[in-house]
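**Q** 3D model of this:
(chains A and B)
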Amino acid sequence: MRKVDIATGVFFAFLGVFGITQSLQLELYQRGNIPGPGMFPLLLSLALTVLGPLLIANRLRGEPGQFGEFERPARTELTRVVMVVIALGISIALLPLAGYFLSTLALVAALLFGVERLRTWRALLTTLALPSIFFFLFVVLLRVRLPGGFIDI
Amino acid sequence: MESLGYLLEGFSVALTPENLLWVFIGVFLGTLVGVLPGLGTPATIAILLPITINLNPATGLITMAGIYYGSKYGGSTTSILLNVPGESSSVVTTIDGYQMAKQGRAGPALGMAAIASFVAGTFGVLGLTLLALPIARWALTFGPPEYFALVFLGLTSVVFLAGSSVIKGLLSAVLGLLLATIGADIVSGENRFIFGQFQLLDGIEFIALTIGVFALGEVFVNVEKPIGATLFKVPKRLRDLLPSRQDFLDSRFAMAQGSVLGFLIGTLPGAGATIASFMSYVVEKRFSRHPERFGKGAVEGVAAPEAANNSETGGAMIPLLTLGIPGSGSTAVMLGFLILYGLQPGPLLFTENPEIVWPVIASMYIGNVALLILNLPLVPMWASILRFPYYVIYPAIILISVIGVYSVHGSMFDVWMLLLFGVLGYMMRKLDIPAPPLILAFVLGPTAERAFRHSLVMSQNSLEIFFTRPLSLALLAIGVVLLVLPLYGKARQLRRNVVEEEV
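**A** Residues are numbered from 1 along each chain as shown, chains lettered A, B, ... in the order given. The predicted structure is shown next:
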């Protein structure tokens, strides 16, 4: 956790510096000497540049129990998470093209058959049922407009 | 006494069989739609608006009161069962509510949420009946420095008890405030940090942020390991699905303080249910005999914010009805609804339209009762959602998260943001950075910035204004004490005990 906290502190310090450079491109004061759009973000960015190093300093001299535990995921665990993120990303990319129904059908199938590696009739039923239930609930009952895609449903 | 007389007349209008039927329909539909993640109270009211449009004004407004209370309870249901807060005020309910669900106590959590909502909601409406005008006058004394100080106190309170490190809590809060500055500037209209993405002109969509950080973040953590069976235990016996006598004993003070605090904070225009629920949770944890239980499934951790969340409704109606100032997204929708029926909220509303105002207030009492009657028996039904295997639940959470976010503006950009914030939520969990300060800061960011800049305009850019007004000074001082306390001796030990092992 120690190295991770130090890296976190460095990240936030750099984010703060980036925020400062961006804020300085905005007006700090407007006509009439009133506070401009850059002032509040500048103060917040300054706070980040102070808090980042403060986290590092505290981590270097603090007690280990004070900062919680970093649960490093095992490689297989991380692979599962990445697979879910990628599957969701592909499904989102497909959403405007293939429409709600096909893209979510593909997503649920990828999660159950690809990530979970299920080969049961329940998995097949879930794959078909989930997109259908939510389609009925949101589109038919609540009249929420979802992307129809090329099949337009 | 004059108010009570008007209220009785209001009840005589509200308590017709037709109106009673509509209030029950409103509560049921409000809960049903509010349960869907992503659809907070304002969205739920907006979706169900067409149902009430053809009713007469009194019946329409009574139905809306039912929808309002039902949707609030529905939002709490998803917070408890799925760790998916429907709106910002439900965020704090997830902390202990979801932990209770994980421990097989989803039923008692849902039951306690309904009971605390009923008790505090009734208290809030009673306060509205008796104290509307005097409190409205008091709220008018709040200027920009006081609002800024109130937001500062709200944030520091959450940071104080939100995680293992105060610095990480502060980093989370500052990040939330920075995210809130993205988009067109609230005063000058100048674009800030949009990096050529015109979809960011209106800022980051709250629903995408909150569902991403909480719901998707949680899903990503849970899918690390294959979970073949159910994620949570759900007892089969009805008795185990309702709060026990001990739960009531543990929650009585939480309900009481949540009711009072929620009502008082609700009367401040702009403060809203979010601050109320967070503050109530913090107060309950701070004064609890067993603060170490919070964050691990303490029933008081559900009762206090739920009470504050619902009592705030009565308080928020005061600036809405007497000043025409909505205190939250929900009351903003209600303001639109009142105007739709030809009513202009303001000081004259009570004298010019008593035949409408008092039945509405009476219907809020009835809505509360209907909520309890309808939802307590339905607790087992909602809790049984968790009997499904997790491989069914998590794709369902992902699907309704995507639909919920897309349905707000029909924007694919928001859906991509959802994914981005899901990854952020996952990383925050892994790095032990608490998410609640980020969400609260994001919600309160515009209020904080507006109040800060107005204060500086009032004082010709002098920060002294925050320290020369007694109420502002007092609120800021309490906030600073909360931040500094953990650095010293016993207070440091106390805080460490409070947040020990809590994530």
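
**Q** Residue of the stretch 201-350 of chain B nearest chain A, please.
**A** residue B:224 (3.8 Å; CB to the nearest CB). From N, CA and C alone the C-beta is placed, and that goes for glycine too.

**Q** Measure how buried that residue is and give me the count.
**A** If you count neighbours by other CB atoms under 10 Å in any protein chain shown, residue B:224 ends up with 19.

**Q** so what pLDDT did it get?
**A** The score at residue B:224 is 88. That number is its pLDDT.

**Q** before we move on, what about residue B:215?
**A** So, for residue B:215, pLDDT stands at 78.

**Q** which helices and strands sit right next to whichever helix in chain A runs longest?
**A** In chain A, taking DSSP state H as the definition, the longest helix is helix A:75-109. Other helices and strands packing on helix A:75-109, by 3 or more CB pairs under 8 Å, 6 or more residues apart in numbering or on different chains; DSSP states H and E, are helix A:121-134, helix B:217-222, helix B:390-409, helix B:412-430.

**Q** so can I have JSON lines of those showing distance to residue B:264 and mean neighbour count?
**A** Formatted as JSON lines, those follow (distance: least, CB to CB, whole Å; neighbours: other CB atoms under 10 Å in any protein chain shown):
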{"stretch": "helix A:121-134", "distance to residue B:264": "40", "mean neighbour count": "16"}
{"stretch": "helix B:217-222", "distance to residue B:264": "32", "mean neighbour count": "22"}
{"stretch": "helix B:390-409", "distance to residue B:264": "31", "mean neighbour count": "23"}
{"stretch": "helix B:412-430", "distance to residue B:264": "32", "mean neighbour count": "20"}
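
**Q** so which of these gets nearest residue B:313?
**A** Among the helices and strands packed on helix A:75-109, the nearest to residue B:313 by CB to CB is helix B:390-409 (22.6 Å).

**Q** and the closest one with helix A:121-134, angle?
**A** 20 degrees (axes from the mean of the first three to the mean of the last three CA atoms, to 10 degrees).

**Q** Need the residue closest to the centroid of chain B.
**A** By CA atoms, centre = their mean, chain B has its centre lying nearest to residue B:89, at 1.3 Å.

**Q** Export the helices and strands packed on helix A:75-109 as CSV, with columns for distance to residue B:247.
**A** Shown next, in CSV, are those (distance: least, CB to CB, whole Å):
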stretch, distance to residue B:247
helix A:121-134, 33
helix B:217-222, 25
helix B:390-409, 25
helix B:412-430, 28
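
**Q** Could you point out which of the ones you listed sits nearest residue B:65?
**A** helix B:390-409 (24.1 Å).

**Q** quick check, that closest one touching chain A?
**A** Yes. Residues of helix B:390-409 contacting chain A under CB under 8 Å from any CB of the partner chain: B:391, B:392, B:394, B:395, B:396, B:398, B:399, B:400, B:402, B:403, B:406, B:407.

**Q** from those, which single one is nearest residue B:341?
**A** Nearest to residue B:341 among the residues of helix B:390-409 next to chain A, with distances taken as CB to CB, is residue B:407, at 26.2 Å.

**Q** Once you drop chain neighbours, what's closest to the closest one?
**A** Once flanking residues are discounted, residue B:407 sits nearest to residue A:144: 4.5 Å by CB to CB, 6 or more residues apart in numbering or on different chains.

**Q** in a helix, that's where the one you found is, yeah?
**A** No. Counting by DSSP: H, G, I helix; E, B strand; the rest coil, residue A:144 is not found in a helix; it is coil.

**Q** Test my guess that it contacts residue A:134.
**A** No. Assessed by CB atoms under 8 Å, residue A:144 is found out of contact with residue A:134, at 9.8 Å.

**Q** list residues touching both of the two?
**A** Residues touching both residue A:144 and residue A:134 by CB atoms under 8 Å, 6 or more residues apart in numbering or on different chains: residue B:403.

**Q** My reading is that residue B:343 lies in a strand. Confirm?
**A** No. Applying three-state DSSP, one finds residue B:343 to be coil, outside a strand.

**Q** Confirm residue B:297 sits in a strand?
**A** No. The assignment for residue B:297 by three-state DSSP gives coil, which leaves it out of any strand.

**Q** pretty sure it contacts residue B:99?
**A** Yes. Taking contacts as CB under 8 Å, residue B:297 lies within contact range of residue B:99: 3.7 Å.

**Q** can you tell me how far the residue nearest to the spatial centre of chain A sits from residue A:116?
**A** Taking CA atoms, centre = their mean as the criterion, residue A:85 is the residue nearest the geometric centre of chain A, at 9.4 Å. Using CB to CB, to the nearest Å, residue A:85 is found at 15 Å from residue A:116.
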